[in-house]
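*Asks:* structure here, sequence nowhere to be found:
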């Protein structure tokens, strides 16, 4: 997690991204998942962080309102979504973690990006 670097909203590095940010000298696409926040736009504060993950298509950045804590979670604490929820939730909602004091949702950020990328219809491409 990083402090949120300056963003260039008008120059996303990838279709479907909300902007781009420079991280270690590289421009990476940044996503502000407003659909995870009931459509609320992201308000950048001193607590806002950039979460960077490595997807198959390269590094991706995600804006987080704040990071409350970082914890190591045992694999045994990660549970599949209950069947009633699994059929009603987006593909990027992967699992739940049940802790004594809270319930956490496990998001697959790379899957979230894949769903936002424009779909290319290769069948319509013209070859010459």
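*Replies:* Alright, I've got the coordinates. None of the values given here were measured: they were computed from a predicted structure.
*Asks:* which ones are touching the residue most central in space within the chain?
*Replies:* The centre of the chain sits closest to residue 109, judged by C-alpha atoms, centre = their mean, with a distance of 3.6 Å. Counting by C-beta atoms under 8 Å, 6 or more residues apart in numbering, residue 109 touches 31, 51, 53, 55, 60, 62, 92. Where C-beta positions appear, they are placed from N, C-alpha and C, glycine not excepted.
*Asks:* could I have the buried ones of the residues you listed as ChimeraX selection syntax?
*Replies:* To isolate in ChimeraX the members of the contacts of residue 109 that are buried, counting by 16 or more other C-beta atoms under 10 Å, one can use:
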select :31,60,62,92
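*Asks:* a markdown table for the contacts of residue 109, including distance to residue 43, pLDDT and secondary structure?
*Replies:* Output for the contacts of residue 109, formatted as a markdown table (distance: C-beta to C-beta, whole Å; pLDDT from 0 to 100; DSSP: H, G, I helix; E, B strand; the rest coil):
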| residue | distance to residue 43 | pLDDT | secondary structure |
| --- | --- | --- | --- |
| 31 | 16 | 85 | strand |
| 51 | 17 | 87 | strand |
| 53 | 22 | 88 | strand |
| 55 | 26 | 88 | strand |
| 60 | 21 | 90 | strand |
| 62 | 16 | 87 | strand |
| 92 | 23 | 81 | coil |
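*Asks:* closest to residue 15 out of the contacts of residue 109?
*Replies:* residue 31 (11.8 Å; C-beta to C-beta).
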